[in-house]
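J.: The amino acid sequence is not available; the structure is as follows:
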């Protein structure tokens, strides 16, 4: 039996265009590289396909979150002994956008984007984003500790720029834009959180702040309900199922959905 040809920069770019990704787009990508199947040139080819599709006026945005740099008291996958908590808080290097890699849950595509020539990364020690392209600096600027996924975050910037979200081989449980809707609720639940950061003197220190307590428990159901509105374009990219959607419509729907469905 004849084997299918490997995916390439050209074939992936063609499929992205067929899905609806266009030159000049601001595109927030959540991805599973493994879902694509064999790609000639590997992850580098995948990123190049996105850049070729978006063109010089477009911008590719990816989450480069660092869940390893959170309070170990809340770790579950796996938990660590309580006796370790003070050591982790005191000895972990402070977040550095240039040096700190994304946590393993982010996948390999964000890490390649982060290290691509010209890439920028926001400064949040837990939920940073990286971006390549014309609007990268604008999207990543001013990422506040206490507004991690809110209006002043890169998610809020993508909303203002009328960007789009692409889920590549993953579901709405990974759709970070839905958290922007949490920040728009009348009285979102807030909690104290903490990370190791680099202080003004260049040394690492543990710091804590209060922010919205993100809830992922119902995001898959929320996403399914949004898809039922017809707001998502579904198609193949490589071997993956890809879902493309306008972020404004997604967030506006999610804001109303959460007000009606969450107690």
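T.: Now that the structure is in, tell me what you want to look at. This is a predicted model, so every value here is computed, not measured.
J.: Bridged to residue 210, which residues?
T.: Beta bridges link residue 210 to residue 192, judged by DSSP bridges.
J.: can you tell me how far it sits from residue 126?
T.: Shown here: residue 210 relative to residue 126, a distance of 13 Å by CB to CB, to the nearest Å. Backbone N, C-alpha and C define where each C-beta goes, glycine included.
J.: which neighbours do these two share?
T.: residue 193 (CB atoms under 8 Å, 6 or more residues apart in numbering).
J.: Compare these two (neighbour count), which wins?
T.: residue 126 (20 against 11; other CB atoms under 10 Å).
J.: Isn't the more buried one up against residue 68?
T.: No: in this structure residue 126 lies outside contact range of residue 68 using CB atoms under 8 Å: 9.5 Å.
J.: Can you tell me the number of residues neighbouring residue 222?
T.: Neighbours of residue 222 using other CB under 10 Å come to 21.
J.: For residue 179, see how far away it is.
T.: 11 Å.
J.: cool, residue 150 as well?
T.: Taking CB to CB, one finds residue 150 at 8 Å from residue 179.
J.: Which one of the two is surrounded by more residues?
T.: Applying other CB under 10 Å to residue 150 and residue 179 shows that residue 179 carries more neighbours, namely 22 against 18.
J.: Quick check on the residue nearest the centre of the chain: phi, psi?
T.: When CA atoms, centre = their mean is applied to the chain, the residue found nearest the centroid is residue 63 (2.8 Å). Note on residue 63: backbone dihedrals following degrees, to the nearest 10 are phi -80, psi 130.
J.: roughly how far out does stretch 216-228 sit from the chain middle?
T.: Relative to the centre of its chain, stretch 216-228 is centred 17 Å away, using CA atoms, centre = their mean, to the nearest Å.
J.: Need the residues that contact it.
T.: By CB under 8 Å, 6+ apart, stretch 216-228 touches 171-173, 175, 178, 232, 243, 245, 250, 253-254, 257-258, 261-262.
J.: Can I get the buried part of the residues you listed as one ChimeraX selection?
T.: The ChimeraX command for the buried members of the contacts of stretch 216-228 (criterion: 16 or more other CB atoms under 10 Å) is given here:
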select :172,173,175,178,232,243,245,250,253,254,257,258
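J.: neighbours around the nearest residue to residue 170 once chain neighbours are set aside, how many?
T.: Of all residues not flanking residue 170 in the chain, residue 32 sits nearest, at 5.0 Å (CB to CB, 6 or more residues apart in numbering). A count of nearby residues for residue 32, using other CB under 10 Å, gives 16.
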